[in-house]
Each structure stands twice: as structure tokens, then as C-alpha cells.
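>>> take this sequence and fold it.
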Amino acid sequence: SSYSTTDLPEISQTLGDSPHWFQFYYSKDDGINRHIMDRLKAEGVKSIVLTVDATVGGNREVDKRNGFVFPVGMPIVQEYLPNGAGKTMDYVYKATKQALSPKDVEYIAQYSGLPVYVKGPQCAEDAFRALEAGASGIWVTNHGGRQLDGGPAAFDSLQEVAEAVDRRVPIVFDSGVRRGQHVFKALASGADLVALGRPVIYGLAMGGSVGTRQVFEKINDELKMVMQLAGTQTIDDVKHFKLRHNPY
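This is a model prediction of the structure:
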């Protein structure tokens, strides 16, 4: 992420041969954006994930009550966001471009030469606009409910977006995934890849790298169990599984 607390070279070295994607918070300054994209290419990043659902900070009341600030700096954006340590999210978002448009997707894809996943569409219209702009993938999310807590659950938007995309590009899904059952339901509703957020952080906080690995293992084990109980043998079977529609 643009706001990672670890710099790109260390991340690249740690990842090794694993896929390296970068979540891009687009700056108001095109020169800064080009500089970051040049660094991404130099470090072997394979895909850019453009964040379109968090151009301003949400009303995070818990963070305000707790007095949350960034405990350390953000080296990737240090050049234009100095003194990131001790700052609030509102301070960070002031440097973010707020009037994003499909032209930004086109520009990022053209300049970087990398696949661009648009992270944030929650309706068919936005998915269509992203595809028309040349998006290589759609990332369905509600940012963990931290930006607009009264918005729809990401899962409730997934099928609509999947129908609009119609398998033309991959769909990544996150938000609210806590169990293997959730992974199964997301795959059966149109996702090609399911991403985890808070569970991984919980595992990391509790047990470091071992705790992180255990989170993935437990969710993977439960996914296999659910697949067996549902009569599916492969992930492709899951993607063709029809969830019962509940209108209530």
C-alpha cells in the first residue's frame, strides 16, 4: 500500500517469487504518481490496485475516541507526506486525489504498463465504467466498513458486480471474511479470488508469522470441509455452485 510502514525494497525481498501487488492511493500530484509507478516497476510489482472508495477519510468514531494516529512513518510516500508518524487519517487523505475518474485508470495502465485492478466498485454502473477505462480486474470491497459504516455489505454487492463483469476480468473480494464458509460463498457468488484483512492482522498481532500462517491454514481447512459438505470437489465446482436465494 502507499501507506505501508515498510518500504518497497524490503517488501520485494521478503516476497521473493510470490506475486507482488500494490494498493495505490492516488496523489493530487501527477509527478508524485509517476515517481511511485517508476519505483513499482523497478521493484517488480506485478499489478496495481487503485483505491477508489477511500479518497477521503470516513468518520471513524472509534479511532477518534482512542486518539488513533500513525505510530510510525510511511516510507513509500515520505517524500510528499513527511512527518507521517503521529498524524491522523485526515492528514493523510489531504494528499490524496479526491476527484478520481476513469481517465485516471487509463493513465495508470498506460504509464505503468501494468494490470490495474479497480478497488471499490459496489454496483454494476461503476464496474462498467472501470471496464471501459481498461481495468484488468475489479475488487469488490466496502473497505472493511471503516469508511462508510452505513453502506451496503460488500457481499451484498458481489453478485450484481459479477453479473455486470460477466467473467471478462477477474474479481477479487474482501470485507467481512472470517471463515472458510465465507470464502466458499464469495467464490460461489462470482469472486475469483478472496482476500483477507483483519483475520491476518489478528494472527500477526497474536503470534507473528506463525499466527499469520495459522489463520490461513484454519480458513483453508474449513473451506475444504465446506466444499466436501456441499458436494464440490474443485474451486471451479464452487464457482458454479448455486447458493439458495433468500428474499427475506
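>>> wait, what's in contact with Leu114?
Leu114 sits next to Met37, Leu40, Lys41, Val45, Lys46, Ser47, Ile48, Ile108 when contact means CB atoms under 8 Å, 6 or more residues apart in numbering. Heads up, the C-betas are built off the backbone N, CA and C, glycines and all.
>>> so the first one belongs to a helix, correct?
Spelled out, it's Met37. Yes. The assignment for Met37, made by DSSP: H, G, I helix; E, B strand; the rest coil, places it in a helix.
>>> thought it was touching Ile108?
Yes. Counting by CB atoms under 8 Å, Ile108 is a contact partner of Met37 at 7.1 Å.
>>> before we move on, the earlier item: of the contacts of Leu114, which pair is most distant in space?
Lys46 and Ile108 (14.2 Å; CB to CB).
>>> give me the more crowded residue out of the two.
Ile108 (23 against 12; other CB atoms under 10 Å).
>>> helix, strand, or coil at the more buried one?
helix.
>>> please report the distance of it from Leu187.
Here Ile108 is placed at a distance of 28 Å from Leu187 (CB to CB, to the nearest Å).
>>> repeat that for Arg167.
Arg167 is 13 Å from Leu187, by CB to CB.
>>> which one of those two has more residues nearby?
Between Arg167 and Leu187, counted using other CB under 10 Å, Leu187 has the larger neighbour count: 24 against 10.
>>> what comes up buried for the helix-or-strand element of the chain with minimal mean pLDDT?
Least confident helix or strand, the chain: helix 89-93 with a mean of 75, by mean pLDDT, DSSP states H and E. Neighbour-count burial for helix 89-93 flags Met89, Val92, Tyr93 (criterion: 16 or more other CB atoms under 10 Å).
>>> same list (those residues) but as TSV, adding distance to Val194.
Compiled in TSV, those are given as follows (distance: CB to CB, whole Å):
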residue	distance to Val194
Met89	26
Val92	27
Tyr93	27
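>>> next, give phi and psi for the closest residue in space to Thr88 that isn't next to it in sequence.
Nearest residue to Thr88, sequence neighbours excluded (CB to CB, 6 or more residues apart in numbering): Val69, at 5.6 Å. Phi and psi for Val69, reported as degrees, to the nearest 10, are phi -140, psi 160.
>>> Val69 contacts Asp90, correct?
No. Using CB under 8 Å, Val69 and Asp90 do not qualify as a contacting pair, with a distance of 10.5 Å.
>>> residues in contact with both of these two, list them for me.
Counting by CB under 8 Å, 6+ apart, no residue touches both Val69 and Asp90.
>>> got the domain ranges for the chain?
8-176, 197-248 (automatic domain parsing).
>>> closest to Val183 out of these?
domain 197-248 (5.0 Å).
>>> can you give me how far the closest one is from the chain middle?
Its chain's C-alpha centre and that of domain 197-248 lie 17 Å apart, by CA atoms, centre = their mean, to the nearest Å.
>>> which neighbouring elements make contact with the longest helix anywhere in the chain?
The longest helix of the chain (DSSP state H) is helix 198-229. If you count contacts as 3 or more CB pairs under 8 Å, 6 or more residues apart in numbering; DSSP states H and E, helix 198-229 packs onto helix 180-188.
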